[in-house]
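1. prediction below, plus the sequence it came from.
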Amino acid sequence: MTRAHADMVRDIYLAGTGGRKPRMPTGLTSMEEHARAVLPANAYGYVAGNAGVGATGRANRQAFDQWRLVPRMLRGATRRDLTVSLFGQRLAAPVLLAPIAAQTVVHPEGELAAVRGAADAGVPFVLSTGASHPLEDVAAAAGGQPRWFQLYWPAHRAVCESLVRRAEASGYSALVLTVDSPSFGYRPADLDNGYLPFLNGAGIANFVSDPEFQGGLPSDAGEREVVEHWARVFANPGLTWDDLPWLRSLTGLPIVIKGVLHADDARRAVELGADGLVVSNHGGRQLDGSVASLDALPAVRAAVGDGVPVLLDSGVRTGSDVVKALALGADAVLYGRPYVYGLALDGQEGVSHVLRCLLAELDLALALTGSGAVSEITADLLAPPGPLAGPGNAEGGDSCR
Ligand SMILES: Cc1cc2nc3c(=O)[nH]c(=O)nc-3n(C[C@H](O)[C@H](O)[C@H](O)COP(=O)(O)O)c2cc1C
Ligand SMILES: O=C(O)C(=O)c1ccccc1
């Protein structure tokens, strides 16, 4: 990296003096309202929607808001090193794009544009099993840039193995096994809209392109039969920890378990061969009323010790949020909905714009906390959590969008 990310901010200020404005908003929480204005209501509801009354969605944001950073002065802040190492891979920043299914519902190019935007910013992309494009096509669009594959473990082991082999063959360098969705949560927005993206084909590309999946279908199967077969194969509510050694024996790729919130589950995952964890409540879309991810993080970190990579998602919006997550024990974060709003607004450009904003803000947050490198972010940057103040927070804070 030849220029600090924060140089982008200076460029925008300088451009501003010439009367030019950036085409997209730079406020990372305002992406959402801009995207809402351009998206059909059902697509917006699918992305922004939470489970139940949205209690966990709000809790995710409140957890970030109640921690305050204590900036440190005069430590020298000309250069910041944002890079981190995970599973022997060097990352430009402690940020990856979260797996988000069915992205053609917000932009016709879907994950192809998103992965290109991620590659522009040097940020790894985590592709969902429920992607709108086959994983091989997304790998090709990524060029040489790093990518991980998120696995929803199908009901049929042959399909599971096939997805893993395809991911290996296409250069995905880690598997993210999501364990918090034995079934999808109770999501009123989608239920009210009668909107399930996979029903119109947006989230089943990795299945219809899979030889093992195809093998379970008559050759003349119609659309309805394909979706019904998908519904049988996709979900695996019977999965238990006892299945994990089979996956472990199947692949040499690092296995990262996503959706862990309890210290005992974290320990168990690691005992059974997981290489890393994502502390996540699926952005408040699964069990409404469940604990905020950030609140669950310290106990998970304590349970597995310092040697195991622990990532966090759910509610990360700003550079300061990334600093808070790292200060509380995360090695990196998954960035979710905001990049999908960028995708909705301007495809590949929109995604890279959102990431440039995030990395610029993170770079500045390091400068302003007197941290020369990500490794210098420690718990002593945090003030004890205090009560939330201000009219916005009195109503329950930002919604988690
Ligand atoms: C529209 C949408 C689709 C998602 N699809 C998946 C998925 O296919 N697999 C998965 O593991 N997580 C999925 N997630 C969860 C994200 O990976 C991540 O945990 C969540 O978005 C974090 O919350 P945030 O975006 O509010 O920060 C999805 C989230 C959203 C918003
Ligand atoms: O909406 C989700 O959270 C999700 O995980 C998903 C997965 C597959 C298809 C559609 C949504």
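-> Thanks, I have the structure now. Ligands and ions are numbered 1, 2, ... in the order given.
2. got the contact list for the residue nearest to Leu261 when sequence neighbours are not counted?
-> Leaving out its chain neighbours, the residue that sits closest to Leu261 by C-beta to C-beta, 6 or more residues apart in numbering is Ala296, at 4.3 Å. In short, each C-beta sits where N, CA and C put it, glycine included. Residues near Ala296 by C-beta atoms under 8 Å, 6 or more residues apart in numbering: Leu261, His262, Val279, Asn281.
3. phi, psi of Ala296?
-> Ala296 has phi and psi values of phi -80, psi -20 when expressed as degrees, to the nearest 10.
4. surely Leu326 touches Glu376?
-> No - using C-beta atoms under 8 Å, Leu326 makes no contact with Glu376, being 9.9 Å away.
5. what about these two, which has more around it?
-> More crowded of Leu326 and Glu376, by other C-beta atoms under 10 Å: Leu326, with 24 against 16.
6. any residue of whichever strand or helix holds Val115 touching ligand 2?
-> Val115 belongs to helix 110-121 when assigned by DSSP states H and E. No - using C-beta under 6 Å from any ligand atom, helix 110-121 never reaches ligand 2; the gap is at least 12.4 Å.
7. next one: that helix to chain centre, how far?
-> Its chain's C-alpha centre and that of helix 110-121 lie 14 Å apart, by C-alpha atoms, centre = their mean, to the nearest Å.
8. check which residues of the helix or strand just after that helix are buried.
-> Sequence-wise, the next helix or strand downstream of helix 110-121 (DSSP H and E) is strand 125-127. Across strand 125-127, burial judged by 16 or more other C-beta atoms under 10 Å covers Phe125, Val126, Leu127.
9. any chance of these in a markdown table, plus distance to Gly372?
-> Rendered in a markdown table, the data for the buried residues of strand 125-127 read as follows (distance: C-beta to C-beta, whole Å):
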| residue | distance to Gly372 |
| --- | --- |
| Phe125 | 28 |
| Val126 | 28 |
| Leu127 | 33 |
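10. which one of these is nearest ligand 1?
-> Val126 (7.4 Å; C-beta to the nearest ligand atom).
11. so which residues on this protein come close to ligand 2?
-> Residues of the chain lying near ligand 2 by C-beta under 6 Å from any ligand atom: Ala101, Ala102, Gly130, Ser181, Pro197, Phe198, Gly203, His282, Arg285.
12. tally up the residues packed near the fifth one, please.
-> Just to be clear, that refers to Pro197. The local packing of Pro197 (other C-beta under 10 Å) involves 22 other residues.
13. quick one: it and Gly203 touch, right?
-> Yes - if you go by C-beta under 8 Å, Pro197 and Gly203 touch, sitting 5.1 Å apart.
14. now the common contact residues for those two.
-> Residues touching both Pro197 and Gly203 by C-beta under 8 Å, 6+ apart: Ala101, Ala102, Gly130.
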